[in-house]
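I would like to see how this sequence folds:
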Amino acid sequence: MTKVGAKDQLFGAQTLRVLGAAPYGGSDIGECLATLARVRGTSLDSWYAEWTLTANRQLELAEREEAAGHLESARLAYWRASNYFRTAGTLLIGAPLDRRAVEANLRQTDAFRRGGALLAAPPEQVEIPYEDTTLPGYMMRAAPEPDPPRPLVILCGGYDGTAEELYFLNGAAALARGYHVLAFDGPGQGAALLQRGMVMRPDWENVITPVVDFARGLHGVDVDRIVLIGLSLGGYLAPRGASGEHRLAACVADGGQYDLFDSALQRLPGPLAAGLSEGRRGASSAVLRRLLAQVARRPTAGWSLRRGMLVHGAADPVTYLEMLRDYTMKGRAARITCPTWVCYAEGDPLGAQAPQLYDAMTGVKELVHFTVAEGAGDHCEIGARTLYHARQFAWLDGTVRPIAALSGVHA
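Model (predicted):
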């Protein structure tokens with residue numbers, strides 16, 4: 001795992017995450033390292049305060065530059081502010097919900113939109129019809145209309161990401177290569193969770209199908225070249241969606257995942273894992289509940305449990321783990337009919353099941369391994385996104401063959 005000078009592993013990983021957005025305008029290296037250096041111990045309050053301070057400084061810079069007519073400088077500062085606000089609130093995403101996480105989400109969204117408005121082709125805010133409500137998102141075009149129909153990539157994030165962050169992680173790279181982009185927050189993600197109270201669901205095919213319905217109705221989209229790209233938890237959600245939605249031209253699973261319950265069991269002590277797997281309600285269950293409750297109270301070590309409870313709408317950590325039984329590609333991977341690119345990083349235990357997902361698929365597929373030696377061994381290859389994009393889009397370009405992007409339309 002790449003080290004960024006943090007005493008706490010979670011703080012280091014989250015700082016590397018925001019650093020990884022630097023090539024696409026989502027951070028500046030010195031600002032991130034200076035912010036991390038100010039964070040005290042494992043204090044989540046300190047984490048939130050310091051990243052919010054840095055975000056506010058960038059927001060003030062953006063407003064000054066915009067008022068002076070320096071629109072490129074303003075856009076970049078707005079977008080750094082957006083990603084810093086997101087970073088501030090991310091570690092407060094958990095049960096019970098901290099209102100500061102909601103506020104951070106609102107502020108990251110506002111800053112992103114203010115920056116986007118300064119582009120030659122601003123992202124279009126969209127609401128995707130979904131059951132009896134809508135999902136928030138952005139339609140971003142690789143070239144202004146009129147233009148020949150282009151392929152579209154649908155971007156799917158993970159547990160604690162946002163549609164705005166997806167621009168930095170995949171959207172900018174896709175736009176530069178001639179793809180239109182549709183990024184959205186699904187149930188359990190971003191604004192859909194924090195602003196609308198929509199929790200996660202395992203049957204992502206029932207989320208992706210209405211998103212594809214919406215995408216096919218967008219002007220300028222080649223309906224035969226719609227691609228789904230998922231990262232982090234999206235490494236499960238995207239292939240799960242593709243297993244039931246067969247109008248996709250291709251699918252990408254960045255950090256491919258096969259069975260979330262099996263993955264969770266591997267991180268528990270053997271006897272407790274066996275008891276949970278078998279659904280026993282005896283002494284081992286009581287021990288497990290006490291153990292997970294203790295872990296969940298720890299500031300950083302318990303974050304993933306608290307986050308999982310909120311995202312899934314679970315009352316306690318054991319209920320959250322039980323809910324993961326439904327998050328599986330067993331019996332479904334072979335239903336994927338589109339070409340699929342699966343990858344995993346050497347130092348990322350969350351992507352360790354990618355070879356299982358790959359082996360269970362029966363169609364056109366490719367498996368790619370990123371290594372620590374090349375700087376890409378972290379979760380979602382976050383320290384080497386330009387390398388990741390070079391490999392992923394080399395495959396995707398050969399699969400759907402986009403029209404080249406017009407120079408200068410997007411930064």
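
got the buried residues for the helix ranked longest in the chain?
Longest helix in the chain, counting residues (DSSP state H): helix 44-67. Of all the residues in helix 44-67, those buried under the rule 16 or more other C-beta atoms under 10 Å are 44, 47-52, 54-55, 57-59, 61-62, 65-66. Yep, even glycine has a C-beta here, placed from its N, CA and C like the rest.

which other helices and strands contact that helix?
When contacts are defined as 3 or more C-beta pairs under 8 Å, 6 or more residues apart in numbering; DSSP states H and E, helix 44-67 packs onto helix 29-38, helix 71-90, helix 99-116.

Now do that helix against helix 99-116, angle only.
Helix 44-67 runs at 20 degrees relative to helix 99-116, counting by axes from the mean of the first three to the mean of the last three C-alpha atoms, to 10 degrees.

quick one: contacts of helix 44-67?
11, 31, 34-36, 38-40, 71, 73-75, 77-78, 80-82, 84-85, 87-89, 91-92, 100, 104, 107, 111, 114-115, 118, 299-300 (C-beta atoms under 8 Å, 6 or more residues apart in numbering).

Centroid-nearest residue for the protein?
residue 157 (2.9 Å; C-alpha atoms, centre = their mean).

doesn't residue 229 make contact with that one?
No. Judged on C-beta atoms under 8 Å, residue 157 makes no contact with residue 229 at a distance of 9.8 Å.

Go through the strand ranked longest in the chain and flag the buried ones.
Selection of the longest strand in the chain by residue count, based on DSSP state E, yields strand 221-231. Neighbour-count burial for strand 221-231, counted by 16+ other C-beta under 10 Å, picks out 221, 222, 225, 226, 227, 228, 229, 230, 231.

Can you give me the neighbour number for residue 119?
Neighbours of residue 119 under the rule other C-beta atoms under 10 Å: 16.

and what of residue 261?
For residue 261, the neighbour count with other C-beta under 10 Å is 17.

and what of residue 98?
Going by other C-beta under 10 Å, the residues that sit close to residue 98 add up to 19.

which one of the helices and strands packed on helix 44-67 lies closest to residue 260?
helix 71-90 (20.0 Å; C-beta to C-beta).

what inclination does that closest one have with respect to helix 44-67?
Following the same axes, to 10 degrees, one obtains 160 degrees for the angle between helix 71-90 and helix 44-67.

quick one: helix 71-90 to chain centroid distance?
A distance of 17 Å separates the C-alpha centroid of helix 71-90 from that of its chain, computed with C-alpha atoms, centre = their mean, to the nearest Å.

State the pLDDT value of residue 275.
Note for residue 275: predicted pLDDT of 87.

State the helix or strand in which it lies.
helix 270-278 (DSSP states H and E).

my guess is residue 39 contacts residue 12, does it?
No. Counting by C-beta under 8 Å, residue 39 does not reach residue 12; the two are 10.6 Å apart.

who's more crowded, these two?
Of the pair residue 39 and residue 12, residue 39 is the one with more neighbours under other C-beta under 10 Å, namely 21 against 18.

Quick check on the residue nearest to residue 234 when sequence neighbours are not counted: phi, psi?
Of all residues not flanking residue 234 in the chain, residue 156 sits nearest, at 4.1 Å (C-beta to C-beta, 6 or more residues apart in numbering). Backbone torsions of residue 156, given as degrees, to the nearest 10, read phi -120, psi 130.

Could I get the buried residue list for stretch 309-326?
309-314, 317-318, 320-325.

Kindly report the same for stretch 98-105.
Within stretch 98-105, the residues scored as buried using 16+ other C-beta under 10 Å are 98, 100, 101, 102, 103, 104, 105.

same check, this time on stretch 139-157
Within stretch 139-157, the residues scored as buried using 16+ other C-beta under 10 Å are 139-143, 150-157.

Of these, which pair is most distant in space?
Across the buried residues of stretch 139-157, the longest distance by C-beta to C-beta is 24.8 Å; it joins 143 and 157.

pLDDT score for residue 211?
For residue 211, the model assigns a pLDDT of 98.

Report all helices and strands that the helix or strand that contains it contacts.
Taking DSSP H and E as the criterion, residue 211 maps to helix 205-216. The contact analysis (3+ C-beta pairs under 8 Å, 6+ apart) places helix 205-216 against strand 124-130, strand 150-156, strand 180-184, strand 221-231, helix 234-242.

For the longest one, which helices and strands make contact with it?
When contacts are defined as 3+ C-beta pairs under 8 Å, 6+ apart, strand 221-231 sits against strand 150-156, helix 205-216, helix 234-242, strand 250-254, helix 385-400.
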